[in-house]
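Quick one, structure for this:
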Amino acid sequence: MRAPLTVARTLGVLAVLLLAAACALAFALATGSVAVAPADVAAALREGRQDEAARIVRDLRLPRALAAFAVGGSLALAGALMQVLLRNPLADPYVLGLSGGAAVGALAALLLGATALVGPLAFAGALASTFVVFALARGGAQGAWAPTRLLLTGVVVAAGWGALIALLLTLAPAAQVKGMVHWLLGDLAGAPSATAPLLVLALVLAAALALARDLNAMAGSGAAAATLGVEVARVSLALYVLASLATAAAVTTAGAVGFVGLVVPHALRLVLGNDQRLLLPAAALAGGTLLVVADTIARTIAAPLELPVGVLTALIGVPMFLWLLRREA
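Numbering: from 1, shown residues only. Okay, the predicted model is just below:
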């Protein structure tokens, strides 16, 4: 039986996760083709040094590590929200076609040679998928969004996006296909500034925590939540918008990185329980930590080549997910 949620337990769990995140960031800053001693990493962050090591840490590794943390945290947080929305512990932020919409927008920009529009069009594609799914999934006597209807609609919309992705790859010149496929597998090498994704992560987390009590009520069933005074339709829409915003920001920054949004919240739920007041911030911290470590390995394990970070998360996520399924059986 899990221990009840207390202030001391919550702070203890979050302190451990914060320490793990700090260690992952330190590992990312010190590791690479040019090794930087921990003391030099600290000095580069603390002082206005301009030597080679300081420039590598501040200008190259720190922005990428922060972007990886923001992407991983956003995906894990979106996964936790989607699992509550669909009342399915195996849901993830890509299950309703969010990544497909973003991928179509980004690949269209790459195909047109408008690299500056990759981010905006990826974001627009993810939000377009959000509106399409919710518009098509609305039904029932009261016009509510039933989890099963949302899931089925999302699967169909995702299949449609997949067909468009295949079409764009088929039409693309051979010289562009490799870059497009690399983006689809997840890539932080060309990640923009980490400021925007970190702000989105903070905004989505704050908004989700404000709804935490309603989410706890909705974790059982919509009918039970309604009897407790929860406006299920309104909260469901808010959940989907927040998950879409987090996913769109993540995909815009790093491409389609899989398994983080599925495995992290599911594993934490087994360990910490289903209280969203603890689960949501824990998912953001654990997801960010996981992706920072995965990206550091991806850029160093086959140096000077960089592996797509999505390949590493899949290699980590598949066996972990199978182990979690076996543990639940």
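
where's the residue nearest to Trp183 when sequence neighbours are not counted relative to Ala174, distance?
Nearest residue to Trp183, sequence neighbours excluded (Cβ to Cβ, 6 or more residues apart in numbering): Gly255, at 4.5 Å. (C-beta placed from N, C-alpha, C; glycine too.) In this structure, Gly255 and Ala174 are 20 Å apart, going by Cβ to Cβ, to the nearest Å.

These two: which is more packed in?
Gly255 (27 against 6; other Cβ atoms under 10 Å).

Isn't the more buried one up against Leu107?
No. Using Cβ atoms under 8 Å, Gly255 is not in contact with Leu107, being 10.2 Å away.

quick one: common contacting residues for these two?
Residues within reach of Gly255 and of Leu107 at once, by Cβ atoms under 8 Å, 6 or more residues apart in numbering, are Trp183, Leu184.

Tell me the confidence at the residue nearest to Trp183?
The per-residue pLDDT reported for Gly255 equals 82.

same deal with Thr130?
79.

which element is it on?
In this assignment (DSSP states H and E), Thr130 forms part of helix 118-137.

who's in contact with Ala238?
Contacts of Ala238 (Cβ under 8 Å, 6+ apart): Ala207, Leu211.

what do you get if the cut-off is 7 Å, keeping everything else the same?
Leu211 (Cβ atoms under 7 Å, 6 or more residues apart in numbering).

if we can go back for a sec, the next helix or strand after the helix holding Thr130 to helix 118-137, inter-axis angle?
Downstream of helix 118-137, the first helix or strand assigned by DSSP H and E is helix 147-171. Relative orientation of helix 147-171 versus helix 118-137 (axes from the mean of the first three to the mean of the last three Cα atoms, to 10 degrees): 140 degrees.

which residues touch helix 147-171?
For helix 147-171, using Cβ under 7 Å, 6+ apart, the contacting residues are 85-87, 95-97, 100-101, 103-104, 107-108, 111, 129, 132-133, 136-137, 139, 177, 180.

Please list only the buried members of the residues you listed.
Buried members of the contacts of helix 147-171, scored by 16 or more other Cβ atoms under 10 Å, are 85-86, 95-97, 100-101, 103-104, 107-108, 111, 129, 132-133, 137, 177, 180.

what about Thr6, how many neighbours?
10.

now do Leu325
Counted by other Cβ under 10 Å, the residues lying close to Leu325 total 11.

Phi first, then psi, for the nearest residue to Leu111 once chain neighbours are set aside.
Among residues not flanking Leu111 along the chain, Ala172 sits closest, at 5.3 Å (Cβ to Cβ, 6+ apart). According to degrees, to the nearest 10, the main-chain angles of Ala172 amount to phi -70, psi 140.

Report the separation between Ala172 and Ile165.
11 Å.

same check, this time on Lys178
Lys178 sits 15 Å away from Ile165, taking Cβ to Cβ as the criterion.

what does Val104 give?
6 Å.

least trustworthy helix or strand in the chain by mean pLDDT?
Using mean pLDDT, DSSP states H and E, the weakest-scoring helix or strand in the chain turns out to be helix 222-227, at a mean of 66.

After it, heading C-terminal, what element do we hit next?
Per DSSP H and E, the first helix or strand lying C-terminal to helix 222-227 is helix 232-254.

Could you list the buried residues of that following helix?
Buried-residue list, helix 232-254, by 16+ other Cβ under 10 Å: 232, 235-254.

now swap in stretch 198-209 and tell me
Leu198, Val200, Leu201, Val204, Leu205, Ala208.

I figured the fifth one hits Leu279, correct?
The one in question is Leu205. No. Here Leu205 does not reach Leu279: they are 11.5 Å apart, not a contact under Cβ atoms under 7 Å.

Leaving out chain neighbours, which residue sits closest to Val204?
Ala246 is the one closest to Val204 (Cβ to Cβ, 6+ apart), at 4.6 Å.

Now do the contacts for that neighbour.
Ser74, Leu77, Ala78, Val200, Leu201, Val204.

Next one: Gly79, what pLDDT does it get?
We note a pLDDT of 92 for Gly79 in this prediction.

Identify the residues contacting the residue nearest the centre of the chain.
Geometric centre of the chain, nearest residue: Leu75, 1.3 Å, by Cα atoms, centre = their mean. Leu75 makes contact with Pro93, Thr247, Ala250, Val257, Val260, Gly261, Gly287, according to Cβ under 7 Å, 6+ apart.

Mind checking which of those land in helices?
Those of the contacts of Leu75 mapping onto helices are Thr247, Ala250, Val260, Gly261, Gly287, per DSSP state H.

Find me the pLDDT at the third one, would you?
I take that to be Val260. At Val260, pLDDT is 92.

Give the helix, strand or coil label for the closest residue in space to it that isn't next to it in sequence.
In space, and not counting its chain neighbours, Val260 is closest to Leu75: 4.3 Å by Cβ to Cβ, 6+ apart. Secondary structure, DSSP: H, G, I helix; E, B strand; the rest coil: Leu75 is helix.

ok, Leu75 to Leu17 distance?
In this view, Leu75 and Leu17 are 16 Å apart by Cβ to Cβ.

For the stretch 1-150 of the chain, which residues score under the pLDDT cut-off?
Residues of the stretch 1-150 of the chain meeting the criterion pLDDT under 70: 1-5, 47-48, 139-145.
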